[in-house]
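1. Kindly return the folded structure for what I paste below:
(one chain, ligands or ions: 1)
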Amino acid sequence: MTLSELTGLSLLPAYRSMITIRGFEERALALRRAGEIAGSIHLCTGQEAIPVGALAALEPSDRVVATYRGHGWAVACGVPLDALMAEVCQRATGINGGRGGSAHMMAPAHGLLGENSIVAAGVPIAAGAALAAQLTGNGRVVIVSVGDGATSQGALHEGLVFAAFKQLPLIVICENNGWSEMTPIDAIVPVERLAERAAGYGIPGTTVDGDDPVAVQDAVAEAAARARSGGGPSFIEARCHRLGAHYNGDLEHYRPKADRDAAVAADPVAALRRRLLASGAAEADLLTVEDEVAAELDAATGAAIAAPHPDAAGARDHVYGAPAAAPDSGEQAEEQELTYVKAVTEALRRELRARPEVVVYGEDVGASGGIFGATRQLQEEFGSERVFDSPIAESAILGAAVGAALEGLRPVVEIMWGDFLLVALDQLVNQAANVRYVSSGKHCAPLVVRTQQGATPGSCAQHSQSLEALLAHIPGLRVGVPATPQDAHAMLRAAVAEDDPVILFESRALYPSKGLVGLGGECEAVGGARFRREGGDVAIVSWGPAALLAEQAAERLAGDGIEATVLDLRWLSPLDDAAIAAAVERTGRVLVAHDANLTGGFGAEIAARIGETLFDALDAPVRRIGAPDTRIPPAPGLQQALLLSAEGIGHAAAALVRVG
Ligand SMILES: Cc1ncc(C[n+]2csc(CCOP(=O)(O)OP(=O)(O)O)c2C)c(N)n1
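-> This next block holds a predicted model:
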């Protein structure tokens, strides 16, 4: 039965939910003013009918993705008020132990996959959760709430493109309160109804009265029925009013009085109360409900104020999970000579075979097998549900991986060139990396991003960068840079086993290189450097293609009587500090060699760590060699003048041996 089929007193539960949200927000504002909450809070007063109406149309097992203005969704999802208020107050007893706060909380056990403090970022994530629903057949529908301003964001566009292409069970509900922070939406968007934009994605779009929970419920019920029957995503524009300011500190100096008056006149809570009375509810019954709700909220508020603040001793916990146990594939172990790129394919094949939760997608990854052939024939073997082409939409590729991972899949996605990560970094840095920490270790985002990087003759400045340091800088992400076919295979398998997000920077230049690869048998876990060569005069610390150049340089140095250690770090996160220390202690002289340009490169991190902790073991200052701080030109001659070479590494290492 839908809400709209109910009458009179049956709307009472909706009223109860709406006044719970209203009372929650009023108390949150008072707590903020009283200094019990640090920072900003964004309240949803005036918009209560939307979560209440929407959730009345959904099943308890369905999923919600909200924004920073998401308290109402959390209340409507049934997140216990105590835990919710304590989270808003950043207390230890909060649903996320004070790590999510008002704007970035998550409560998947109650159906709330998460709020999001990045405008529109929830849309690709919700699409990923819907992808998991579609693939596992769990029957869930995912609803994602966004504001009107979010309709200008690329993430929303990409999420809708992705959802429409896969016909995912997704509902995007746009809470159009007329304001994008301090700017009226009509001043920005030249369409009369935001829902008109849905046509561009080939999905149904509808505009409803967001002040009326019944209208919202009916629209969501229709969209949910369509989604559950395989009809794909829908876009609902729920027109509403922002009763308060954008956030607690907003003076609303920009807001015309008439607009504020209109919001007061449209107040959905007052409107529902009048409607209830008009349809026969007794004033006394409403007062009883109001008193009960006030008592519950007062209790939650009192408990939040009395709750302890999180123990500062735990502030560093839950950035990463425990290392995943090395899995044994159960297959006969064998060695084969493979190219680097084929070693990647074989790792994917084995993981797809071993784990039904693995999905592999990216641009051109499915039917054609990828522009470098890394996924060739995997779609034939595993089907187009598990191995598929994605739209050219990196935010959607990565965001959907986050959402799918939250819902139990292990996505392994390809970003065609490392440079293209830059258009979608939000989904790795602000989203994937936060899941474990924000949820105090209760949830994780086990996803793998494969990409390839580096300069090759003819590759332009937008297809040549070595960007590993950018991502190794981010707590919560794991970063690997394989240099050999064996590592390309084993590190990818380790990455898939890992419960934290992993980015693997493969090397395009090395894709054709061949080597023996151990297939089957026990796999290694993420982490661990490898000594490629041992010598006592100087240590060259390196990773990726540069590690192979370092090895060549060391061979030449041996001809000159200089014995070099070559340490291939393989993983920049986790960093094998013990192996670095062993290299320093063995030689007292360290050269760090990397393909990336020097400033802010990961070599700076290694030099700093050695300087801080191993200074006494040094016979000379740590030196670095990499590309100069320039852009990379396609002209081979110009490239050669800039890129690392075995000869250059050899000269630098020999010079270091002569120091002191
Ligand atoms: C990507 C991004 N850009 C800008 C912001 C700053 N910001 C926070 S809320 C907001 C307004 C968004 O308006 P709308 O989508 O209409 O949602 P509402 O705040 O009205 O709920 C902005 C610009 C942000 N958080 N994320």
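2. okay, CA-based contacts and neighbour counts for the rest of this
-> Noted.
3. Touching the longest helix along the chain from outside, list them.
-> In terms of residue count, the longest helix belonging to the chain (DSSP state H) is helix 283-306. Residues outside helix 283-306 that contact it (Cα atoms under 8 Å, 6 or more residues apart in numbering) are 16, 19-20, 23-24, 27, 36, 81-83, 85-86, 89, 91, 93, 273, 277.
4. in the stretch 251-400 of the chain, which spans are strands?
-> Assigned by DSSP state E, counting those that start in this stretch, the strands in the stretch 251-400 of the chain fall at 334-339, 358-362, 387-389.
5. quick one: pLDDT of the residue of the stretch 351-500 of the chain found nearest the ligand?
-> Nearest residue of the stretch 351-500 of the chain to the ligand (Cα to the nearest ligand atom) works out as D426 at 8.6 Å. The model reports D426 with a pLDDT of 98.
6. Can you name the element that comes right after the strand or helix carrying it?
-> Using DSSP states H and E, D426 falls within helix 425-426. Proceeding N to C from helix 425-426, the next assigned helix or strand is helix 435-438, under DSSP H and E.
7. Mind listing the strands the helix or strand following that next one pairs with, and their directions?
-> Moving toward the C-terminus from helix 435-438, the next helix or strand (DSSP H and E) is strand 448-453. Sheet pairing of strand 448-453 (DSSP bridges) gives strand 410-415 (parallel), strand 502-507 (parallel).
8. can you list contacts of the one helix or strand V479 maps to?
-> Per DSSP H and E: V479 is located in strand 478-480. With contacts defined as Cα under 8 Å, 6+ apart, strand 478-480 is touched by 468, 471-472, 491, 500-505, 570-574.
9. So which of those residues belong to helices?
-> Counting by DSSP H, the part of the contacts of strand 478-480 found in helices is E468, L471, A472, M491.
10. wait, what's in contact with the residue nearest to R530 when sequence neighbours are not counted?
-> Among residues not flanking R530 along the chain, D568 sits closest, at 5.2 Å (Cα to Cα, 6 or more residues apart in numbering). Neighbouring residues of D568 by Cα under 8 Å, 6+ apart: A529, R530, F531, R532, V541, S542, W543, G544, A547.
11. Make JSON lines out of the residues you listed and add pLDDT and secondary structure.
-> Shown next, in JSON lines, are the contacts of D568 (pLDDT from 0 to 100; DSSP: H, G, I helix; E, B strand; the rest coil):
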{"residue": "A529", "pLDDT": "98", "secondary structure": "coil"}
{"residue": "R530", "pLDDT": "98", "secondary structure": "strand"}
{"residue": "F531", "pLDDT": "98", "secondary structure": "strand"}
{"residue": "R532", "pLDDT": "98", "secondary structure": "strand"}
{"residue": "V541", "pLDDT": "98", "secondary structure": "strand"}
{"residue": "S542", "pLDDT": "98", "secondary structure": "strand"}
{"residue": "W543", "pLDDT": "98", "secondary structure": "coil"}
{"residue": "G544", "pLDDT": "98", "secondary structure": "coil"}
{"residue": "A547", "pLDDT": "98", "secondary structure": "helix"}
